[in-house]
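K.L.:
For reference, the sequence and a predicted model appear below.
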Amino acid sequence: MNTDQLKIRRMELKDLDGICEVEVLSFSVPWSRESFLNEITNNLFARYLVVEYGENVVGYAGMWVVIDEAHITNVAIHPEFRGHRLGERLMKEMMVFARQEGVEHMTLEVRASNKIAQNLYRKFGFTEGGLRRGYYTDNMEDAIIMWVNLNDNEYVESKSS
Ligand SMILES: CC(C)(COP(=O)(O)OP(=O)(O)OC[C@H]1O[C@@H](n2cnc3c(N)ncnc32)[C@H](O)[C@@H]1OP(=O)(O)O)[C@@H](O)C(=O)NCCC(=O)NCCS
């Protein structure tokens with residue numbers, strides 16, 4: 001992978017096709033195009049970033065920011081681009097972005113079976129803070145709730161210094 005071709009930036013309307021492609025390839029219950037459109041155009045709490053490789057959107061992540069707390073809504077990398085640290089770069093950018101927005105704590109839900117994503121989040125200091133039983137209605141899987149404190153977080157600090 002040529003890292004010169006990589007860019008992480010705010011999500012725009014022109015990204016919707018690429019986002020929907022990654023979304024369908026990444027989740028058993030994908031969000032609709034309308035959901036993403038609404039996030040970008042109507043939801044004042046929503047903040048989204050995309051990973052661009054050349055001309056293509058190969059990943060994205062989003063969060064809802066409410067006062068000093070951010071709730072991660074989704075994180076996904078195109079299957080053909082996984083394992084190249086793009087998820088890691090994206091999470092780092094999200095955390096720095098959140099900090100710039102005044103966020104102190106981030107939270108998210110992750111499927112109990114999704115060990116890959118859990119590993120990624122743990123790398124950034126997220127820890128388990130509870131369980132939502134049967135949260136995922138497609139298979140009634142439990143969600144693990146994870147939290148991280150952005151104050152004194154080494155990933156946020158190393159980026160801004
Ligand atoms: C989770 C996801 C975003 C990771 O993206 P990625 O670019 O492949 O991940 P990276 O290459 O940046 O790896 C970062 C870390 O993630 C974890 N990870 C990534 N791939 C892994 C694998 N195959 N097995 C175990 N852990 C893995 C590791 O902790 C890794 O760090 P390490 O290599 O130092 O151990 C990607 O797998 C994805 O899009 N999955 C489908 C959607 C999804 O599950 N999203 C999360 C919803 S909560």
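P.N.:
Looks like it came in fine.

K.L.:
Wondering if the strand or helix carrying Ile145 reaches the ligand at all.
P.N.:
For Ile145, the element it lies in under DSSP states H and E is strand 141-149. No: using Cβ under 6 Å from any ligand atom, strand 141-149 never reaches the ligand; the gap is at least 8.9 Å. Backbone N, C-alpha and C define where each C-beta goes, glycine included.

K.L.:
Does anything pack onto that strand? Which helices or strands?
P.N.:
strand 105-111, helix 115-123, strand 127-136 (3 or more Cβ pairs under 8 Å, 6 or more residues apart in numbering; DSSP states H and E).

K.L.:
repeat that for 7 Å
P.N.:
strand 105-111, strand 127-136 (3 or more Cβ pairs under 7 Å, 6 or more residues apart in numbering; DSSP states H and E).

K.L.:
Among these, show me which one is buried the most.
P.N.:
Stretch with highest mean neighbour count among those: strand 105-111 (a mean of 19; mean count of other Cβ atoms under 10 Å).

K.L.:
Quick check: neighbours of that one in the sheet, parallel or antiparallel?
P.N.:
Next to strand 105-111 in the sheet, as set by DSSP bridges, lie strand 69-77 (parallel), strand 141-149 (antiparallel).

K.L.:
any bit of stretch 50-66 sitting next to the ligand?
P.N.:
No: remark: stretch 50-66 sits outside contact range of the ligand, by Cβ under 6 Å from any ligand atom, the gap being at least 6.9 Å.

K.L.:
what mean pLDDT would you report for that stretch?
P.N.:
In this model, stretch 50-66 has an average pLDDT of 97.

K.L.:
hmm, back to that, right, and the helices and strands packed on strand 141-149 - which one's nearest Glu39?
P.N.:
Across the helices and strands packed on strand 141-149, the minimum distance to Glu39, taken as Cβ to Cβ, is reached by strand 105-111, at 15.7 Å.

K.L.:
okay, the closest one in CSV with CA atoms only?
P.N.:
Provided in CSV are the C-alpha atoms of strand 105-111 (Å, rounded to 0.1, in the frame of the first residue of the first chain):
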residue,chain,number,x,y,z
HIS,A,105,-15.1,10.2,27.3
MET,A,106,-15.9,8.0,24.4
THR,A,107,-18.2,5.0,24.4
LEU,A,108,-19.3,2.4,21.9
GLU,A,109,-21.1,-1.0,21.6
VAL,A,110,-19.4,-3.9,20.0
ARG,A,111,-20.7,-7.4,19.3
